[in-house]
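Engineer: When you get a sec, could you give me coordinates for this:
(2 chains)
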Amino acid sequence: MTRKRRRLWLLLLCGLGLGSATALTLTAFQDNLVFFRSPSDIAREIPPAGRAFRLGGLVEPGSVAKATGPDGKPEARFRVTDGPNAIPVTYAGVLPDLFREGQGVVTLGKLGPDGVFRASEVLARHDETYMPPEVADALKRSGHWNPAQGAPPPAATWNTLDPARPPTPGRSGS
Amino acid sequence: MIPEIGHFALALALALSLAQVVTGLWGAHRAEARLMSATAPLAAGVLIAVAASAGCLVWAYVVNDTTVLNVVQNSHSAKPLLYKISGTWGNHEGSMVLWVLILALCGGAVAAFGNNLPSALQARVLAILALVSFGFLAFILATSNPFQRMWPPPPDGQGLNPILQDPGLAFHPPLLYLGYVGFAVTYAFAVAALIEGRVDAAWGRWVRPWALAAWSFLTLGIALGSWWAYYELGWGGYWFWDPVENASLLPWLAGCALLHSAIVVEKREALKTWTVFLALVAFGMSLLGTFLVRSGVLTSVHAFANDPARGMVILGLLAVFIGGGFALFAWRAAAMVPTGVFAPLSREGSLVLNNLLLCSIAAVVLVGTLYPMFADLLLSEKISVGPPFFNLATLPLAVPLVLAMGFGPVLPWKRARVFPALQRLWWAALAGLGVLLLCLAIAGERIGPALGFGAAAWILFAALADIADRIALLSRPRAAWARAKGLPRAAWGGAVAHAGLGVMILGLAGMGLATDRLALLKPGESTTLAGIEYRLVGLRDVQGPNWTARRATVELRDAGRLVTTMEADKRNFAVSRMTTTEAAIHTTLLRDLYLVMGEEREGGAVLRIHDNPLAPWIWFGAAIMALGGGLSLSDRRMRVSAPAAKLARGGEARA
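Structural biologist: You can find the predicted model right below:
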């Protein structure tokens, strides 16, 4: 086999590898990108039904309740707020250790037709002072913290944050 | 006083490594033997200085010196001694010191054992290594000084994050860093080869053991991290396609490709440019991993509160080392003339295919990992890419890789024919197909696990067939034992590492059949999962060395017979005001019974129970893979590189 033909073979193979990798990436991206939405985003525009997304914000103080789901499984119910808006969430599972009222939280799940977000995952953090960047950004946009005023207050002190006007579940879901 | 000595030692190491860069590069350029011979002692000096500095930091932790800011932020006097020591690298500053220490160790090893290298090559390799350590030492001293003092000293430290208070922390980061930093050595060899414009078999013989060692350590490090997450986080999973996990998988994939293509360079002197390219990529991925973990740009389980400015500096180092490497590559790569010619169907051809598929997988993982960051920067859209994406995009590439894995080792070099290869492997192929069909017949709708079991059978039997063929087990069984003893360890290592992947795939396929159940149980009540009855005996308080816990005691019964009693904790650490979940795991080696305690309510407790078939095999498989790497490393040819010494003199004469 001549050097030229060998090089052609190699190039062909490389093209095939790169092409299939690109094709696979693009097809997989189509259905599997998970978007982040804050409660205010959802109030503005309802995400398409049946598509999983991540909902993040602060756990509304006083909203966490323990309940039993329709299938008899133990459930946790709470509300995720970014100040102006809040979304009710149900989660069947063991809540992560750092889950606290008033702390930042990111949940993965789908929004039901009744406006209740059914979380399949509540993301745990390793560190008490850590604020998920998406949540920090959402709080910034909802007007709780203005970057022009300086550095963000430490996440541990955001616990006292009081949602201005919690909307009804029907409004945020309709 | 001791912290100042540590700080001074770090600065000394910085100066020494700068001297090493200059003497190495300038000396090799001017062919000045005296300058070149100074690099090895300088490398030893850097090692001593960095080791002294790391020792000072460990000392500050052990005696709980609260005048050191780093100790105050990450330690506490009530912590067990093991966690005081391992806590040294359980934070940003300390882990960077560990990184540099391992780099200095690698430099010391090249200096000590590299006498048989051409002296110009050794000087250049040491200079490049010193350049890397210079960058990181400067980074530590400028942005993350671990010896920063604090006045007035607080009465005690703030404690280490309880999740890190685990033996896992003592081994996971050092092993991982040994892997990351090992690729710095192959990178240094690649850059030195580019400067010299020459890659030969001797070069391959030196790069291969380093790639192998780095890859084996990385395998162990990743597996240990995965196991740690499995038992410590209590999520019941072993791999989450988390950005930081991907960041360690990327250099692993690139390193895996590198160690295979280095075989071709060593044996056949082909694929030279490609191997050099891979060596650059592997270290680039390691640096990228360091950047992703240390900067916190991506949401991940490793995302502790971070300082973004530090991330920018690491990104700058990444740009310098990798950008510089690739620029040199673009300029000099044409100088490397391949000599070995091979047909597409040959051992070389199969190794090219292996490289291609591994790199494609790495590319897919890289895009999936970095896409959220770019989407945030360019589209200002917060996106995450989860496990479904990675599973869907990598599995189709893994299937041909697994198929080719069986064929590669039985193909001869240069030119192969299909029929003899099939003759050796038909029964392995039949076994794989048989297992696949059997699994489909038993559990028709679960295609993924069935594919996994079939693939694992194929890999295991193909590795067996390879060894059986090499020792002529079937044709001349009497001489087989003697032949087995005479077979080079590298051949054994390759087969063992391949078989290790087979074992790991068995574990992955088994985990595909995992089931779980969430139940609220009061003491005395029970629930059933996978034929085993779980009865909550009671809930009580427990006192640990620096924690208090609520403990759920659960009895497991299989058809009325007591299997075991498990105790799952919810621990509360007073110092750091944190709660952690301690999962209880009962393993029978064939399956893990995994129990997590959730919140308490109505006098009972929420329990999450997992039944994980074959779960331990994932980590056994990884350990076997690393063992295979170690076996290969112990091959005589890897240690005694007599031809290299001969070539070395030739190289000097030419230089």
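
Engineer: which other helices and strands contact the longest helix along chain A?
Structural biologist: Determined from DSSP state H, the single longest helix within chain A is helix A:3-32. Helix A:3-32 is packed against helix B:347-378, helix B:387-407, with contacts defined by 3 or more Cβ pairs under 8 Å, 6 or more residues apart in numbering or on different chains; DSSP states H and E. No exception for glycine: its C-beta is placed from N, CA and C like everyone else's.

Engineer: where does the stretch 401-550 of chain B dip in pLDDT?
Structural biologist: Applying pLDDT under 70 to the stretch 401-550 of chain B picks out residues B:445.

Engineer: for it, what spans make up the helices?
Structural biologist: B:418-442, B:447-470, B:480-486, B:489-511 (DSSP state H, counting those that start in this stretch).

Engineer: Chain B - how does it break down into domains?
Structural biologist: Domains of chain B are assigned by automatic domain parsing as B:1-165, B:515-615.

Engineer: Which stretches in chain A count as helices?
Structural biologist: A:3-32, A:39-44, A:133-141, A:169-173.

Engineer: for the residue nearest the centre of chain A, what are its contacts?
Structural biologist: The C-alpha lying nearest the average C-alpha coordinate of chain A belongs to A:Arg54 (Cα atoms, centre = their mean; 2.3 Å). A:Arg54 makes contacts with A:34-37, A:106-108, A:134, B:382, B:384, as judged by Cβ atoms under 8 Å, 6 or more residues apart in numbering or on different chains.

Engineer: Could I have the ChimeraX command that selects the buried members from those residues?
Structural biologist: What follows is the ChimeraX syntax selecting those of the contacts of A:Arg54 that are buried according to 16 or more other Cβ atoms under 10 Å in any protein chain shown:
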select /A:34,36,37,106,107,108,134 /B:382,384
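
Engineer: what's the closest of the contacts of A:Arg54 to B:Arg550?
Structural biologist: A:Thr107 (25.0 Å; Cβ to Cβ).

Engineer: Is that closest one bridged to anything, and to what?
Structural biologist: A:Leu55, A:Val122 (DSSP bridges).

Engineer: Just want the residue of the stretch 451-600 of chain B that's nearest chain A.
Structural biologist: Relative to chain A, the nearest point of the stretch 451-600 of chain B is B:Gly598 (3.5 Å; Cβ to the nearest Cβ).

Engineer: That residue against B:Val606, yeah?
Structural biologist: Yes - counting by Cβ atoms under 8 Å, B:Gly598 touches B:Val606, with 3.5 Å between them.

Engineer: Find the residues that touch each one of these two.
Structural biologist: Common neighbours of B:Gly598 and B:Val606 (Cβ under 8 Å, 6+ apart) are A:74, A:94, B:518.

Engineer: what residues are up against the first one?
Structural biologist: Neighbour list for A:Pro74: A:66-68, A:92, B:518-520, B:598, B:601, B:606 [criterion: Cβ under 8 Å, 6+ apart].

Engineer: List buried residues within those residues.
Structural biologist: Of the contacts of A:Pro74, these count as buried by 16+ other Cβ under 10 Å: A:66, A:92, B:518-520, B:598, B:606.

Engineer: can I get those in TSV with distance to A:Ile42?
Structural biologist: Shown next, in TSV, are the buried ones among the contacts of A:Pro74 (distance: Cβ to Cβ, whole Å):
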residue	distance to A:Ile42
A:Lys66	25
A:Ala92	21
B:Leu518	27
B:Ala519	32
B:Leu520	30
B:Gly598	28
B:Val606	28
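
Engineer: Out of those residues, which comes closest to B:Ala247?
Structural biologist: Of these, the one sitting nearest to B:Ala247 (Cβ to Cβ) turns out to be B:Gly598, at 30.6 Å.

Engineer: before we move on, the earlier item: kindly reformat the helices of the stretch 401-550 of chain B as CSV containing mean neighbour count and distance to chain A.
Structural biologist: Below are the helices of the stretch 401-550 of chain B laid out as CSV (neighbours: other Cβ atoms under 10 Å in any protein chain shown; distance: least, Cβ to the nearest Cβ, whole Å):
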stretch, mean neighbour count, distance to chain A
helix B:418-442, 15, 16
helix B:447-470, 22, 15
helix B:480-486, 12, 33
helix B:489-511, 22, 18
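
Engineer: Which among these is found nearest to B:Trp331?
Structural biologist: Short answer: helix B:489-511, nearest of those by Cβ to Cβ, at 34.1 Å.

Engineer: list the helices and strands that closest one packs on?
Structural biologist: The contact analysis (3+ Cβ pairs under 8 Å, 6+ apart) places helix B:489-511 against helix B:387-407, helix B:447-470, strand B:604-613, helix B:615-633, helix B:636-639.

Engineer: That helix to strand B:604-613, inter-axis angle?
Structural biologist: For helix B:489-511 against strand B:604-613, the angle by axes from the mean of the first three to the mean of the last three Cα atoms, to 10 degrees is 140 degrees.

Engineer: Kindly format the C-alpha coordinates of helix B:489-511 as CSV.
Structural biologist: Extracted C-alpha coordinates of helix B:489-511, given in CSV (Å, rounded to 0.1, in the frame of the first residue of the first chain):
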residue,chain,number,x,y,z
ARG,B,489,4.4,-9.3,31.1
ALA,B,490,3.2,-6.5,28.7
ALA,B,491,1.1,-9.2,26.9
TRP,B,492,-0.4,-10.3,30.2
GLY,B,493,-1.0,-6.8,31.3
GLY,B,494,-2.9,-5.9,28.1
ALA,B,495,-5.1,-9.0,28.4
VAL,B,496,-5.7,-8.4,32.1
ALA,B,497,-6.6,-4.7,31.5
HIS,B,498,-9.0,-5.7,28.7
ALA,B,499,-10.6,-8.3,30.9
GLY,B,500,-10.9,-5.7,33.7
LEU,B,501,-13.0,-3.5,31.4
GLY,B,502,-15.1,-6.6,30.7
VAL,B,503,-15.7,-7.1,34.5
MET,B,504,-16.5,-3.4,34.8
ILE,B,505,-19.1,-3.6,32.0
LEU,B,506,-20.7,-6.6,33.8
GLY,B,507,-21.1,-4.3,36.8
LEU,B,508,-22.5,-1.5,34.7
ALA,B,509,-25.0,-3.9,33.1
GLY,B,510,-25.9,-5.2,36.5
MET,B,511,-26.6,-1.7,37.7
